[in-house]
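Trainee: Output the structure for:
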Amino acid sequence: MVISERLFHQQSLYCQPETIYTCQSSWISTPMPDLCVMSHTGKAIELPDETLQKLASRLHGDLLHQESNAYETTRKVWNGIINKHPALIACCHDQNDVITAVNFARTHNLLLAVRGGGHSVAGHSTCDGGMVIDLSRMNHVSVDQAARVVHVEGGATLADMDQATQAVGLVVPAGAVSDTGIAGLTLGGGIGWLRNLWGLTCDNLLSADVVTADGQCITASHAEHPDLFWALRGAGGNFGVVTRFTFRAYPLKPDVWFTAVYHDGRYMKEVLQFYREYSATAPDEISTAAVCGQFPPGSRDFPSELHGHPYVMIVGMYAGSVEQGQKVMQPLRDFRKPLIDFSKPTTHLEAQKFFDEDYPAGELRYYWKSLFLAELSNDAIDTLVDHASRQPSPLSGIEILYSGGAVTRLDDDACAFAGRKARFLIFVESNWKEAQDNDANIAWPCDLISALQGGTEGSFYLNFSSTAEEKESTMRHNYGNKYQKLVAIKKRYDPTNLFRLNQNIKPS
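Mentor: Numbering: from 1, shown residues only. Below is the predicted model of the structure:
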């Protein structure tokens, strides 16, 4: 992870609550030959031109194939290690398009991926040879300021939602990288700068409009289809395509205090012990992370004498007055002399973009692992310090996120999310540039998580985990006594496992 000082410029609002999203209906832009498309069983199926033209004519959006002008840019996803070529991409304009695409995929037994923001580190939002339902054009956000309710389409990003809500002084708890898709974030849980005060993103979901595997659109909430609503909050994209989310929002003024202070990595153990003790008594308005990394060689953001030197950064936001935030977060800056201190008053919108530059789309290869820990023991800290010294890429890092407050006060059975009672989330991120370095950068996070797993329940965070987490035994272990309930819900809403490109829960 490369962290640099942020300029915190205020950006223009491009998604106001009253904005109406429009898209011109279009037919497929290039003539289609008969196509071989991959089925969900791995068998190639030939779809004639007539069948494809009929599908294209029923979409308000576009149907792309490999000869389409927009195919190459549309097929690419955020993670540079994922390089897949779907046979068809249905760029949906509205919910009816999603229904049409789901029905087509089911009728023809196609391998199907669903793309919201395209930010899946595991690459679940695309596939080779199959069909992708792309929701990126469905990014409208509407805000009911009086009711403090926000409606978000399935292709919207955090930036879309944050700018719409902050325009009227509201906020929905979300993640911490602005181009993350709301859909994947919510369905996996949603951990961000407001978690300790107002909970996870999925904790603030009021309802979801879902296109299920049989092509029906249903609304899931506490009152309607409560079993599906329970599963959507933390078990990923297993149960359908969510075309609209409805969230509870909270009042938050634009100006906040943001702490970003680098301590000398030679004292990593001491810093992490201090972070552990500070977090245990911090008010709920504070949500933070400790980041272990290296100052990257050649960076112009840091003094040259620090290049290659290890650091521990403590970063976080206070959701309240700037003055109070500076006061209560001051110990994070003062307990020992820092190498660099970028702490300052800023806006919530800019705080949400603090990490954006560190995760460029398509430029880096990403492989991540995660693990929830009940406590951050001294032995765990020793393991983290040891592995931090051996990270193969200077762009990588280890994040330790403390969760308390609203996250842990909610009953663990309230929804499918696993790891609610854990106090710490260990997030190990390998970020690198060259394919020749793949093996070392994939092995490093796996080795660290394996070293930490003794004595833990073994739950992980879906949104911070790459492809190795897809085994059935891993999913069963992750959800524990919730797993059989999830299997039953999967069987009810997706009995043929049409939605299988995810951290999959099989319907039997």
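
Trainee: From here on, just use CA atoms for contacts and neighbour counts.
Mentor: OK.

Trainee: For the stretch 151-300 of the chain, just list every one of the helices.
Mentor: Listed in chain order, the helices found in the stretch 151-300 of the chain under DSSP state H, counting those that start in this stretch are 158-166, 182-188, 195-198, 226-232, 268-281.

Trainee: so Ala351 touches Ala260, yeah?
Mentor: No. With contact defined as C-alpha atoms under 8 Å, Ala351 does not reach Ala260; the gap is 10.4 Å.

Trainee: ok so, going back, now, of the helices of the stretch 151-300 of the chain, which is deepest in the fold?
Mentor: Per-residue neighbour counts averaged over each of the helices of the stretch 151-300 of the chain give the maximum for helix 182-188, namely a mean of 27 (mean count of other C-alpha atoms under 10 Å).

Trainee: what's the burial count for His60?
Mentor: Using other C-alpha atoms under 10 Å, His60 has 18 neighbouring residues.

Trainee: If I look at it, what pLDDT would I see?
Mentor: Confidence per residue is given as pLDDT, and for His60 that number is 97.

Trainee: follow-up on the earlier one: just send the helices of the stretch 151-300 of the chain back as CSV, with mean pLDDT too.
Mentor: Compiled in CSV, those are given as follows (pLDDT from 0 to 100):
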stretch, mean pLDDT
helix 158-166, 98
helix 182-188, 98
helix 195-198, 98
helix 226-232, 98
helix 268-281, 98
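
Trainee: so can I have CSV of those showing distance to Gln503?
Mentor: Formatted as CSV, the entries for those read as follows, by distance: least, C-alpha to C-alpha, whole Å:
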stretch, distance to Gln503
helix 158-166, 22
helix 182-188, 10
helix 195-198, 23
helix 226-232, 13
helix 268-281, 31
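
Trainee: Any idea which of those helices gets closest to Ser57?
Mentor: Each of the helices of the stretch 151-300 of the chain was checked against Ser57 via C-alpha to C-alpha, and the shortest separation belongs to helix 182-188, namely 27.1 Å.

Trainee: ok, residues contacting the closest one?
Mentor: Counting by C-alpha atoms under 8 Å, 6 or more residues apart in numbering, helix 182-188 makes contact with 116-117, 119-120, 154-158, 174-175, 201-202, 232-237, 242, 245, 417, 461-463, all of which sit outside it.

Trainee: From those, which land in strands?
Mentor: For the contacts of helix 182-188, the ones inside strands are 242, 245, with DSSP state E as the criterion.

Trainee: Report the central residue of the protein.
Mentor: By C-alpha atoms, centre = their mean, the mean C-alpha position of the chain lies nearest to Leu185, the distance being 3.9 Å.

Trainee: do you know how far it is from Ala176?
Mentor: For Leu185, the distance to Ala176 equals 10 Å [C-alpha to C-alpha, to the nearest Å].

Trainee: Kindly report the same for Pro296.
Mentor: From Pro296 to Ala176 the distance is 22 Å (C-alpha to C-alpha).

Trainee: got it, and Ala414?
Mentor: From Ala414 across to Ala176, the span is 24 Å (C-alpha to C-alpha).

Trainee: Check Arg244 too.
Mentor: Taking C-alpha to C-alpha, one finds Arg244 at 21 Å from Ala176.

Trainee: do the same with Asn139
Mentor: Note on Asn139: its distance to Ala176, by C-alpha to C-alpha, is 18 Å.

Trainee: ok so, going back, look at Ala414 and Ala176 and report which has more neighbours.
Mentor: Neighbour comparison, Ala414 and Ala176: the larger count goes to Ala176, with 19 against 11 (by other C-alpha under 10 Å).

Trainee: Asn238 contacts Pro495, doesn't it?
Mentor: No. In this structure Asn238 lies outside contact range of Pro495 using C-alpha under 8 Å: 10.8 Å.

Trainee: got the CA positions of whatever helix or strand Leu332 lives in in CSV?
Mentor: Taking DSSP states H and E as the criterion, Leu332 maps to helix 331-334. Extracted in CSV, the C-alpha atoms of helix 331-334 (Å, rounded to 0.1, in the frame of the first residue of the first chain):
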residue,chain,number,x,y,z
PRO,A,331,-2.7,10.6,21.4
LEU,A,332,-2.3,8.7,18.1
ARG,A,333,0.1,11.4,17.1
ASP,A,334,1.8,12.1,20.3
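
Trainee: Quote the end-to-end distance of stretch 129-139.
Mentor: Distance between the boundary residues of stretch 129-139 (C-alpha to C-alpha) amounts to 26 Å.

Trainee: So what touches it?
Mentor: Contacts of stretch 129-139 with the rest of the structure, by C-alpha under 8 Å, 6+ apart, involve 21, 36-39, 85-94, 98, 101, 105, 110-117, 125-126, 152-157, 160, 243.

Trainee: Now do the same for it: mean pLDDT, whole number.
Mentor: Rounded mean pLDDT across stretch 129-139 is 98.

Trainee: in it, what's buried?
Mentor: For stretch 129-139, the neighbour count (16 or more other C-alpha atoms under 10 Å) marks 129-139 as buried.

Trainee: Which members of those are positioned in strands?
Mentor: Taking DSSP E as the definition of strands, the buried residues of stretch 129-139 contribute 131-134.

Trainee: ok, now how distant is the closest residue to His222 other than its chain neighbours from Arg409?
Mentor: Using C-alpha to C-alpha, 6 or more residues apart in numbering and skipping residues adjacent in sequence, the residue nearest His222 is Phe229, 6.7 Å away. Using C-alpha to C-alpha, one gets 20 Å for the distance from Phe229 to Arg409.

Trainee: Check Gly308 too.
Mentor: Applying C-alpha to C-alpha, one obtains 41 Å for the distance of Gly308 from Arg409.

Trainee: Same check on Val168?
Mentor: For Val168, the distance to Arg409 equals 29 Å [C-alpha to C-alpha].

Trainee: next one: Asp439
Mentor: When C-alpha to C-alpha is applied, the distance between Asp439 and Arg409 equals 40 Å.

Trainee: Which one's more surrounded, these two?
Mentor: Shown here are Asp439 and Arg409; by other C-alpha under 10 Å, Arg409 has more neighbours (12 against 9).

Trainee: Looking at the more buried one now. What's its pLDDT?
Mentor: Here the pLDDT value assigned to Arg409 is 96.

Trainee: need the contact list for it.
Mentor: By C-alpha under 8 Å, 6+ apart, the contact set of Arg409 is empty.

Trainee: next one: Phe239
Mentor: Applying C-alpha under 8 Å, 6+ apart, one finds that Phe239 lies in contact with 212-213, 228, 232, 490, 493-494, 499.

Trainee: Please apply the same query to His119.
Mentor: Applying C-alpha under 8 Å, 6+ apart to His119 gives the contacts 77-79, 125, 179-181, 184.

Trainee: measure it to Ser465 for me?
Mentor: Using C-alpha to C-alpha, His119 is found at 12 Å from Ser465.
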